[in-house]
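Engineer: Structure for this input, please:
(one chain, ligands or ions: 1)
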Amino acid sequence: MCGIVGFTGNQNAAPILLDGLKKLEYRGYDSAGIAVLGEEGIHMVKASGRIQNLVEKTQDGAALPGSTGIGHTRWATHGEPTDVNAHPHMSNDEKIAIVHNGIIENYAQLREELQAKGFQFKSDTDTEVVAHLMDLYYEGDLKKAVLKTISRLEGAYALGILCAEEKGRIIAARHAAPLIVGVGIGENYFASDVTALVAYTKNVIYLEDGEIADITPESVTVYDSLGKAQEKTVTRIAWDIAAAEKGGYDHFMLKEIMEQPNAIKSTIEPRIKDGEVVLDDFSLTDEELKNINKIMITACGSAYYAGSVGKYVIEDLCRIPVEADLASELRYRNPLVDEHTLLVVVSQSGETADTIAAMKECKARGARVLAIVNVVGSTIAKLADDVLYTWAGPEIAVATTKGYTTQVAVLDLLAVYLARRLGRLDDQRYRALVKAIEQFPSLVQRAIDLNPNLPALAEKYHGYNDIFFLGRNLDYAASMEGSLKLKEISYLHSEAYAAGELKHGTIALIEKDRPVIALACYERLFDKMMSNIKEVKARGAQVLAVALEGNRQIFAEADDVIFVPQTEPLFNTLPEVVPLQLFAYYVARANGCDIDKPKNLAKSVTVE
Ligand code: F6R
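Structural biologist: Numbers count the residues shown, from 1 in each chain. I've put the predicted structure just below:
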């Protein structure tokens, strides 16, 4: 969702801005633009559609000479994705250009006020008010004008600002939307995330809410919202440019699916020492743990489905009530949350607006917050009491894969860790569970290797418009993720149902040849699933079953089978979801879809 880049240095800014915007494409966007300060003032070019349109319009950036500039990819919220609504937005005198990620909630009042003062609005965006406010307050000092402007803004913003009268200077401002500063030698940058910067510098400064960064080629000075200089640490990013590139794969999604054994290894290996689960980053004392009488897991989308797996596993092992809640629902409920609640917040990006809001709501009611997050320094990581990072590396494809499986791996670790500390596991069971977790990387690799027939299965099923997923217990949790993967990248209509619910309505939709993907890996309920499979078969459905390696019974009913390797039954979802990710990938490929950038979707949903 909206991406921002800024550059100041001694080389041409435009190619660097375009390159940064390409790296941010994965966040989702529908238009893009750049503004560069040249000899004759600010030169701005915008284009709706793909960045390639902007590249062509600017002749690879050559049309905009100048070594200071800002750029933006826009994901439309206020106003259609047109050239006019694309960012940057300029003040009427073309002195100030700005880019913005977030939503200015009081833009309507500000717009009225500014119009009354004679400012002309060109776009339908909330953002344009910021350009005019900057113009109103600018009296020769960009920093002062920024501080005054942000004091008028309500809502969320990451802002990048360029001024025709301030050569070599750019300002970044952050409130409730991601923004980092890149520190180079004789050149400096800002961006929505590290992927845009990693080709140029690995040294970054994470801005806090309310902070602004005043950036020239030689200096970066960070101030709080009152203009007081802040001491900031420069952090070295651990991964390099190769991690943000396709590495020979046709799509980032496929690369990220294949990276899962390694990503899971990076996630679990440092947390298992001499056969013990060690969660050093989770500082809950025994006293505090005893005090917890409920665990709530909250997240959105796939992260919520990972949380749903966590619910089954934690409740089973810890014998504590566990709820999994959609953050977008939880934030507007009146939930029973207090200081006895452990809230587990799950998010790949760490920037999802609904998740942040639900977390703040529960925190205000006294909950202790543990975040499971992939992006270091993200808002959720900063707001949480404790953070368990997923260490999946950068996830570029919009549809999450390694983000999800590393979340599940951490939730499994957490379940075993808490159960042990609560005294709910004897030695033998504990050792068996830890051993099973240690095998996750090879398990996931085997789940990939076992299924070379997935492209052929995708060929068979890609032409159907409606597909149903069925499962029970953990298979149900996995089926929700499998179904979301399929629908979001292949645009097939797909629904996941708890198989026991079939008779309560869904079965009316089962007819001849309707594809049903039946997950039957949860052994305790295998017979029940077989009955459900028989029921849909009896109505003419084609069944693609997902079953444990070695299961022969499944052939009695299923038309096709995806096999997954055996593990501890509570941990089945990991090897089970991976072939479903691949199935979705190949179906989307067969349907000619834009797999890494599905239509209407954004990678990081930073607005409600
Ligand atoms: C689906 C997907 C989304 C995200 C959701 C939450 O493939 O990626 O459903 O899981 O938007 O995002 P994070 O985990 O960044 O909070």
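
Engineer: And the residue of this structure that's closest to the ligand?
Structural biologist: Ranked by CB to the nearest ligand atom, the top residue of the chain for proximity to the ligand is residue 301, at 1.9 Å. The C-beta positions use only the backbone N, C-alpha and C, and glycine is treated the same way.

Engineer: which sections of the chain are below the confidence cut-off?
Structural biologist: Scanning the chain for pLDDT under 70 picks out 1, 239-240, 242-243.

Engineer: who in it is up against the ligand?
Structural biologist: For the chain, the contact set with the ligand under CB under 6 Å from any ligand atom comprises 300-303, 347-349, 352, 355, 399-400, 484, 488, 604-605.

Engineer: can we see that at 8 Å?
Structural biologist: Neighbours of the ligand within the chain, by CB under 8 Å from any ligand atom: 299-305, 346-352, 355, 374-375, 380, 398-401, 403-404, 407, 484-485, 488, 601, 603-605.

Engineer: Burial check on the closest residue to the residue of the chain closest to the ligand other than its chain neighbours, number of neighbours?
Structural biologist: Closest residue to residue 301 apart from its sequence neighbours, by CB to CB, 6 or more residues apart in numbering: residue 484 at 6.8 Å. The local packing of residue 484 (other CB atoms under 10 Å) involves 22 other residues.

Engineer: Next up, identify which helix or strand residue 484 is on.
Structural biologist: According to DSSP states H and E, residue 484 maps onto helix 474-490.

Engineer: In the following helix or strand past that helix, which residues are buried?
Structural biologist: With elements assigned by DSSP H and E, the helix or strand that comes after helix 474-490 is strand 493-498. Residues 494, 496-498 are the ones in strand 493-498 that count as buried (16 or more other CB atoms under 10 Å).

Engineer: What of stretch 197-215?
Structural biologist: Going by neighbour count (16+ other CB under 10 Å), the buried part of stretch 197-215 is 197-198, 200-207, 209, 211-215.

Engineer: so how far is the first residue of it from its last?
Structural biologist: Terminal residues of stretch 197-215 lie 15 Å apart, using CA to CA, to the nearest Å.

Engineer: that older thread, who are the neighbours in contact with the residue of the chain closest to the ligand?
Structural biologist: 400, 484, 605 (CB atoms under 8 Å, 6 or more residues apart in numbering).

Engineer: Residue 300 is in contact with the second one, correct?
Structural biologist: Meaning residue 484. No. Residue 484 is beyond contact range of residue 300, at 11.1 Å (criterion: CB atoms under 8 Å).

Engineer: Let's see which of the residues of the chain next to the ligand end up in strands.
Structural biologist: Residues of those located in strands (DSSP state E): 299, 346-347.

Engineer: I'd like to know which elements the helix holding residue 484 is packed against.
Structural biologist: Using 3 or more CB pairs under 8 Å, 6 or more residues apart in numbering; DSSP states H and E, the elements in contact with helix 474-490 are helix 301-318, strand 466-471, strand 493-498, strand 515-520, helix 573-590.

Engineer: report the angle between the axes of the last one and helix 474-490?
Structural biologist: Think helix 573-590. Going by axes from the mean of the first three to the mean of the last three CA atoms, to 10 degrees, helix 573-590 is angled at 20 degrees with respect to helix 474-490.

Engineer: by how many degrees do helix 573-590 and strand 493-498 diverge?
Structural biologist: Going by the same axes, to 10 degrees, helix 573-590 makes 160 degrees with strand 493-498.

Engineer: sorry, back to before: from the ones in strands among the residues of the chain next to the ligand, pick the one nearest residue 510.
Structural biologist: The shortest gap between residue 510 and any of these belongs to residue 299, at 30.8 Å (CB to CB).

Engineer: and the closest one, how many neighbours?
Structural biologist: Neighbourhood size, residue 299 [other CB under 10 Å]: 31.

Engineer: That one reaches residue 306, doesn't it?
Structural biologist: Yes. Between residue 299 and residue 306 there is a contact at 7.0 Å, judged by CB under 8 Å.

Engineer: any common contacting residues for these two?
Structural biologist: Taking CB under 8 Å, 6+ apart as the criterion, residue 299 and residue 306 both touch residue 346.

Engineer: hang on, the earlier thing: who's in contact with the residue nearest to residue 301?
Structural biologist: Neighbour list for residue 484: 301-302, 305, 494, 496 [criterion: CB under 8 Å, 6+ apart].

Engineer: mind redoing it with 7 Å?
Structural biologist: Taking CB atoms under 7 Å, 6 or more residues apart in numbering, we find residue 484 in contact with 301-302, 305.

Engineer: Now do it against residue 380, distance only.
Structural biologist: 21 Å (CB to CB, to the nearest Å).

Engineer: One more: residue 295?
Structural biologist: Residue 295 is 17 Å from residue 380, by CB to CB.

Engineer: Check residue 203 too.
Structural biologist: In this view, residue 203 and residue 380 are 23 Å apart by CB to CB.

Engineer: just residue 186 next, same as before
Structural biologist: Note on residue 186: its distance to residue 380, by CB to CB, is 34 Å.

Engineer: out of the two, which sits in the more crowded spot?
Structural biologist: It is residue 380, of residue 186 and residue 380, that has more neighbours when counted by other CB under 10 Å, with 24 against 10.

Engineer: Confirm for me that the more buried one is in contact with residue 347.
Structural biologist: Yes. Counting by CB atoms under 7 Å, residue 347 is a contact partner of residue 380 at 5.1 Å.

Engineer: Which residues are in contact with each of these two?
Structural biologist: 355, 373.

Engineer: Domain ranges for this protein, per the record?
Structural biologist: Listed domain ranges for the chain are 3-244, 252-438, 454-590 (source: automatic domain parsing).

Engineer: Centre of the chain to the second one, how far?
Structural biologist: Taking CA atoms, centre = their mean, to the nearest Å, one finds the center of domain 252-438 at 15 Å from the center of the full chain.

Engineer: And for stretch 187-206?
Structural biologist: Offset of stretch 187-206 from its chain centre (CA atoms, centre = their mean): 19 Å.

Engineer: and the residue most central in space within the chain, what does it touch?
Structural biologist: Nearest residue to the geometric centre of the chain (CA atoms, centre = their mean): residue 349, 3.8 Å. Going by CB under 7 Å, 6+ apart, residue 349 touches 375, 378, 603-604.

Engineer: Not counting its own residues, what contacts stretch 548-558?
Structural biologist: 450, 520-521, 530, 533-534, 537, 543-545, 547, 561, 563-566.

Engineer: Cross those residues against helices and list the overlap.
Structural biologist: Members of the contacts of stretch 548-558 lying in helices (criterion: DSSP state H): 530, 533-534, 537.

Engineer: For those residues, which single residue is the most surrounded?
Structural biologist: Highest count within those by other CB under 10 Å belongs to residue 533, 22 neighbours.

Engineer: ok, that residue - contacts?
Structural biologist: Contact analysis of residue 533 by CB under 7 Å, 6+ apart lists 518, 543, 545, 557-558.

Engineer: Greatest separation within the residues you listed: which pair is it?
Structural biologist: Farthest pair in the contacts of residue 533, by CB to CB: 518 and 557, 8.5 Å.

Engineer: between those two, which one's more packed in?
Structural biologist: residue 518 (27 against 19).

Engineer: Okay, and the beta partners of that one?
Structural biologist: Beta bridges link residue 518 to residue 470, residue 545, judged by DSSP bridges.

Engineer: follow-up on the earlier one: what is the most widely separated pair among the contacts of residue 349?
Structural biologist: Maximum pairwise distance among the contacts of residue 349 (CB to CB): 12.8 Å, between 378 and 603.

Engineer: rewinding a little: now the ones in helices among the contacts of stretch 548-558 in TSV, with distance to residue 36?
Structural biologist: Putting these into TSV (distance: CB to CB, whole Å) gives the following:
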residue	distance to residue 36
530	65
533	61
534	66
537	63
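
Engineer: Residue 365: neighbouring residues, count only.
Structural biologist: Counted with other CB under 10 Å, residues neighbouring residue 365 total 15.

Engineer: Ok, residue 40 next?
Structural biologist: So residue 40, with other CB under 10 Å, has 9 neighbours.

Engineer: Please report how far it lies from residue 164.
Structural biologist: The gap separating residue 40 from residue 164 is 9 Å, by CB to CB.
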